[in-house]
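Peer 1: Got a predicted structure plus its sequence, pasted below:
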Amino acid sequence: QVQAVESGGGSAQAGGSLRLSCAASGRTFSMSAMGWFRQAPGKARDFVAAINWSGSIVNYADSVKGRFTISRDNAKNTVYLQMNSLKPEDTAVYYCAAVSGTTALGSWGQGTQVIVSP
């Protein structure tokens with residue numbers, strides 16, 4: 001089972017960039033597909049992006065395509081989310097988890113807060 005700790009959140013202005021990191025533990029990390037999700041205040045948690053075990057296949061929500069890039073470094077047990085051209089609607093708590101397709105597996109970590117101002 002993969003346990004994840006997210007970091008890298010903060011505040012940015014619209015049009016800016018942030019890079020999130022997800023430090024994962026667990027013997028199965030290098031063989032696990034991983035994904036990012038986000039939850040805005042008062043809304044459900046939504047899928048953002050996913051990457052397969054080798055990094056050769058990625059998938060994005062329509063709302064972030066062309067702006068966000070997911071990547072991973074299996075040697076460091078870390079998954080990244082590079083967020084460019086940020087919009088106020090990207091404001092949310094971002095979570096990382098092992099996934100099956102776009103469905104998260106296991107329990108959630110504490111997440112990392114992203115706030116984008118106009």
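Peer 2: Looks like it came in fine.
Peer 1: where does the chain have low pLDDT?
Peer 2: Regions of the chain meeting the criterion pLDDT under 70 are absent.
Peer 1: Do a quick rundown of the strands in it.
Peer 2: Taking DSSP state E as the criterion, the chain contains strands spanning 3-7, 10-13, 18-25, 34-39, 45-51, 58-60, 68-73, 78-83, 92-100, 103-105, 112-117.
Peer 1: what's the longest one in contact with?
Peer 2: Strand 92-100 has contacts (C-beta atoms under 8 Å, 6 or more residues apart in numbering) with 1-2, 4, 6, 9, 20, 22, 24, 28-29, 32-41, 43, 45, 48, 50, 79, 81, 104-106, 108-109, 111-114. Using the backbone N, CA and C atoms, a C-beta is placed for each residue, glycine as well.
Peer 1: Leaving out the residues flanking it, which one is nearest to the most centrally placed residue in the chain?
Peer 2: Note on the chain: the residue nearest the mean C-alpha position is Trp36, at 2.7 Å, using C-alpha atoms, centre = their mean. Spatial nearest neighbour of Trp36, chain neighbours left out: Val48 (4.3 Å); criterion: C-beta to C-beta, 6 or more residues apart in numbering.
Peer 1: One more: Arg72?
Peer 2: Excluding its sequence neighbours, the residue lying closest to Arg72 (C-beta to C-beta, 6+ apart) is Val79, at 4.6 Å.
Peer 1: Tally up the residues packed near the one you found, please.
Peer 2: Using other C-beta atoms under 10 Å, Val79 has 30 other residues around it.
Peer 1: same thing with Ala92?
Peer 2: 22.
Peer 1: Repeat that for the one 3 residues further on.
Peer 2: The number of residues packed around Tyr95, counting by other C-beta under 10 Å, is 22.
Peer 1: ok, now how distant is the residue nearest to the centre of the chain from Ser54?
Peer 2: Going from Trp36 to Ser54 by C-beta to C-beta, to the nearest Å gives 17 Å.
Peer 1: give me the beta-bridge partners of His93?
Peer 2: Small correction: residue 93 is Val, not His. Taking DSSP bridges, one obtains Gln39, Gln113 as the residues bridged to Val93.
Peer 1: Before I go, just wanted to say thanks for your time.
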